[in-house]
Every structure is written in C-alpha cells, then in structure tokens.
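A.B. asks: Dropping the sequence and predicted coords here.
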Amino acid sequence: MKNTLSLEEIINIESFQKIQDDIAKATDIAIIMVDYKGKPITSHSNCSKFCSMIRNIEEYSILCEKCDSRGGLESVRIKEAYIYKCHKGLVDFAVPIIVNNQYLGAVMAGQILVEDENNVDLEEIVMAKKNFYNLDENTKKLLESEYNKLPKVSFNKIKSISQMMFHI
C-alpha cells in the first residue's frame with residue numbers, strides 16, 4: 001500500500017515561513033500555505049486588516065474558506081497557478097503543491113485589487129451577498145475604509161508573482 005505524503009514531511013515549514021514572509025513583504029501581497037483540506041500549515045504573511053476583519057465574522061470566514069478550497073482545487077485541475085476573485089471581489093491566486101502526482105496543498109496569495117480591472121475578466125469562484133450582513137454602521141465604515149487601503153496591482157504583475165510562486 002502506498003504511503004500518503006504530507007507537507008510537513010516534504011517542506012521545512014519553518015524555513016518556508018521565512019521565505020513566504022519575505023516574498024509577501026517584497027510583493028505587498030498576503031500569502032499562506034494550506035494542506036489539501038485547506039487547513040493552514042504556515043502563518044498568514046502580510047494578511048490585510050480588511051481580510052483579518054472579514055475572517056473574524058463567521059458568515060464571511062466560511063466564504064473565505066470556500067474560496068481557498070475552490071481556488072486550490074482549480075489550481076490542481078489546471079496544474080498551474082489559478083487567479084480568481086474571492087467573494088469580496090479581491091484578487092487571489094492559488095498555486096498547487098503536487099508531489100509524485102499527489103496533491104498535498106496549495107500556496108494561497110493575494111488580498112489585492114487589480115489596477116486595470118475593466119480589462120480583466122476573472123472568475124468569482126464563490127458568489128455571495130455584497131452587503132455586510134447585520135453589521136453595525138461603525139464596523140461597516142471601518143471595513144470600507146480598510147478595503148480602500150488594499151493595494152492595487154497591475155494584472156501583469158499579479159500573473160508574474162503567481163508564476164514565480166508556481167516555480168518556487
């Protein structure tokens with residue numbers, strides 16, 4: 001019987017965390033590694049305040065996990081980086097980690113807005129209500145303010161970063 005591999009057996013997580021932190025800082029994007037179930041293996045590098053706040057709201061956290069899961073699976077299916085929009089319209093990408101034809105997990109990155117949005121047609125992989133559920137006005141205003149602080153990156157740069165991550 002064939003043994004199932006795990007990310008921890010193949011990658012030195014502590015070393016990868018340092019590489020991940022440096023790439024996140026250099027590219028101004030958020031990065032995290034997840035296993036094949038979508039469970040985080042590394043700590044979130046450069047997670048935006050907007051996404052941290054969204055992930056602390058249960059209804060949205062579930063949608064974030066769905067986006068991560070579907071993005072990772074789509075990247076495995078196409079065997080390359082998959083660039084998409086999350087349920088809040090942010091651009092993310094997933095890079096599959098495949099060893100001996102076994103999907104072990106993915107590197108998820110993004111939490112950015114695309115500069116040339118009108119020229120780019122990305123799949124929104126989880127459709128969701130655009131409103132902020134039953135949040136109080138202060139929280140809504142704070143979320144809107146943090147959303148407006150998200151980095152805007154050209155689509156060509158996003159593609160280049162996703163390819164770099166795929167090659168790593």
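C.D. replies: The structure has been received and is ready for your questions.
A.B. asks: Strands along this protein, start to end?
C.D. replies: 30-35, 82-85, 91-99, 102-114, 152-153 (DSSP state E).
A.B. asks: Present the ones you listed as a markdown table; the columns should include mean pLDDT, mean neighbour count and distance to Val120.
C.D. replies: (Glycine included, C-beta is placed from N, CA and C.) A markdown table is the format used below for these (pLDDT from 0 to 100; neighbours: other C-beta atoms under 10 Å; distance: least, C-beta to C-beta, whole Å):
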| stretch | mean pLDDT | mean neighbour count | distance to Val120 |
| --- | --- | --- | --- |
| strand 30-35 | 92 | 22 | 19 |
| strand 82-85 | 96 | 22 | 9 |
| strand 91-99 | 94 | 22 | 8 |
| strand 102-114 | 94 | 23 | 5 |
| strand 152-153 | 94 | 16 | 11 |
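A.B. asks: And those: which comes nearest Met53?
C.D. replies: Within those, the stretch nearest Met53 is strand 102-114; the backing value is 11.7 Å (C-beta to C-beta).
A.B. asks: Could you check how far the closest one is from the centre of its chain?
C.D. replies: Distance, stretch centre to chain centre, for strand 102-114: 4 Å (C-alpha atoms, centre = their mean, to the nearest Å).
A.B. asks: remind me, longest helix of the protein?
C.D. replies: helix 58-78 (DSSP state H).
A.B. asks: and that one, what does it pack onto?
C.D. replies: Applying 3 or more C-beta pairs under 8 Å, 6 or more residues apart in numbering; DSSP states H and E, one finds that helix 58-78 contacts helix 49-55, strand 82-85, strand 91-99, strand 102-114.
A.B. asks: now these as TSV including distance to Glu144?
C.D. replies: Converted to TSV, the helices and strands packed on helix 58-78 look like this (distance: least, C-beta to C-beta, whole Å):
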stretch	distance to Glu144
helix 49-55	9
strand 82-85	18
strand 91-99	18
strand 102-114	13
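A.B. asks: quick one: which of those is nearest Thr4?
C.D. replies: Nearest to Thr4 among the helices and strands packed on helix 58-78 is strand 102-114 (7.3 Å), distances taken as C-beta to C-beta.
A.B. asks: Thanks again, I'm all set now.
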